[in-house]
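**Student:** only geometry, no sequence info:
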């Protein structure tokens, strides 16, 4: 009995332990499932965040690397949109672009051309000044054309003048008297300082150096101090050579806008001359005078015979246009050109033809001003107002003066100057001259 009961008890205990084990296993399984789900979700969350972070960083890095291309793409897309918009509106962007580019190119070409012209002008001026300085240096080293008696002060060279009047004269006192400059050098100095006008009387020496004529000239120079002595032998056939020398000398001594040559038997209104020249100050190469074109005289023995007539074509031809020799003016650039090239400039028989030939091939503006060659009233007459000469009708200076149109220069064509100038030049000045105070009140 006891054995059976004891066996039943052990059997019931075994069943209970199995149930408890299964229950505990199921509970552990559920607990494990719950714990595993939370851990997995946490791990998944962490893994996702890490992956997303790395992706963002990777994407951000790639965007940074590709940023210019992205911008370029956006610009191209915007350009394409604009182009489509223009086409839809009926405008061809290629034509507009070509027009704009064409205008831009033309503008740049114009600016470049202007810059080149300015640079060329600057270089040309520098070359002129350099050549002039070399010419002066060579002249000083090799023997200056200026007489040893003449002296050049430093302030004269530095001062800027309106014009330098060089008068090829022996009867220069008549010129002074006729133009209100008869007194001592005080007025002449005042004229230079206040008006920038230099007046000198250019003269060389006689064939017999140190003769009576030369001594008389030296005495006059000491008295008046207004002569410009040149190492040049005076003579009618040497006027072309003298022209080169006195222009070269004047350029080396005075820095002026214009250089004027006038004969001693010509009446000149200096204030009117200064006003006339001042209008052309802005022009670099100017040749001013009464332009003419006379016949080339091939016949020997006649006045104004041209030995080299054959250079001007067939017999009976005329000269090219050139300023008459009584009075003409040239700008500084042209005077410098003559100074630099004086040794190679050809001399013809007539001085005015020679000067015109030196400029004929240059870029020079020829200005024909008929007020530089007015006729003078015939002596002893008051009613004659027209003088006919060489088929030209010339209104005399008195008539123009009465009309308020003062002449710059007056002379008689028949005499190539004022006929009997010693006797008549004061009368011409009285009837054709500008007012007494015109020179001092003029503003150039």
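**Tutor:** That came through fine. Quick caveat: nothing in here was measured; it's all calculated off a predicted structure.
**Student:** next one: residue 100, what pLDDT does it get?
**Tutor:** Note on residue 100: pLDDT of 60.
**Student:** low pLDDT regions in the stretch 201-350 of the chain?
**Tutor:** Scanning the stretch 201-350 of the chain for pLDDT under 70 picks out 236-237.
**Student:** kindly recompute the last result at 80.
**Tutor:** 204-214, 217, 220-225, 231-237 (pLDDT under 80).
**Student:** got the contact list for residue 407?
**Tutor:** For residue 407, the contacting residues are 269, 272, 371, 372, 374, 397, 400, 401, 432, by Cβ atoms under 8 Å, 6 or more residues apart in numbering. Every C-beta, even on glycine, is put in place using the N, C-alpha and C of the backbone.
**Student:** just the ones of those residues in helices?
**Tutor:** 272, 397, 400, 401, 432 (DSSP state H).
**Student:** top of those residues by number of neighbours, please.
**Tutor:** Comparing the ones in helices among the contacts of residue 407 by number of neighbours (other Cβ atoms under 10 Å), residue 397 comes first, having 28 neighbours.
**Student:** that residue contacts residue 267, doesn't it?
**Tutor:** Yes - with contacts counted by Cβ atoms under 8 Å, residue 397 reaches residue 267, the gap being 7.4 Å.
**Student:** need the overlap of contacts for these two.
**Tutor:** 376, 410, 428, 432.
**Student:** farthest pair in the contacts of residue 407?
**Tutor:** Farthest-apart pair in those is 372 and 401; separation 14.9 Å (Cβ to Cβ).
**Student:** re earlier: okay if I get the ones in helices among the contacts of residue 407 as TSV plus distance to residue 346?
**Tutor:** Listed next are those as TSV, based on distance: Cβ to Cβ, whole Å:
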residue	distance to residue 346
272	34
397	35
400	37
401	40
432	37
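**Student:** looking at this, residue 260 is in a strand?
**Tutor:** Yes - counting by DSSP: H, G, I helix; E, B strand; the rest coil, one finds residue 260 located in a strand.
**Student:** so what sits opposite it in the bridge?
**Tutor:** Note on residue 260: beta-bridge partners residue 165, residue 329, judged by DSSP bridges.
**Student:** need the contact list for it.
**Tutor:** Counted by Cβ under 8 Å, 6+ apart, residue 260 has contacts 163, 164, 165, 166, 273, 277, 327, 328, 329.
**Student:** ok, residue 421 to residue 269 distance?
**Tutor:** For residue 421, the distance to residue 269 equals 16 Å [Cβ to Cβ, to the nearest Å].
**Student:** my bad, residue 353
**Tutor:** 27 Å.
**Student:** also residue 399?
**Tutor:** 15 Å.
**Student:** the more surrounded of the two?
**Tutor:** Per other Cβ under 10 Å, whichever of residue 399 and residue 269 has more neighbours is residue 269, with 27 against 18.
**Student:** residue ranges for the helices of the protein, please.
**Tutor:** Going by DSSP H, the chain shows helices at 2-88, 93-142, 154-158, 172-178, 185-190, 212-224, 239-253, 270-278, 332-340, 351-359, 397-402, 421-432, 438-441.
**Student:** report the rounded mean pLDDT for the fourth one.
**Tutor:** This points to helix 172-178. In the prediction, helix 172-178 has an average pLDDT of 50.
**Student:** can you check stretch 414-422 too?
**Tutor:** On average, stretch 414-422 scores 90.
**Student:** buried residues in that stretch, which are they?
**Tutor:** Residues of stretch 414-422 classed as buried: 416, 417, 418, 419, 421 (neighbour count, 16 or more other Cβ atoms under 10 Å).
**Student:** then stretch 293-310?
**Tutor:** Applying 16+ other Cβ under 10 Å to stretch 293-310 flags 296, 297, 298, 306, 309 as buried.
**Student:** how far away is the first one from residue 347?
**Tutor:** If I follow you right, that is residue 296. 16 Å.
**Student:** again with the second one
**Tutor:** Distance of residue 297 to residue 347, given as Cβ to Cβ: 17 Å.
**Student:** domains of the chain?
**Tutor:** As assigned by automatic domain parsing, the chain contains the domains 80-142, 144-441.
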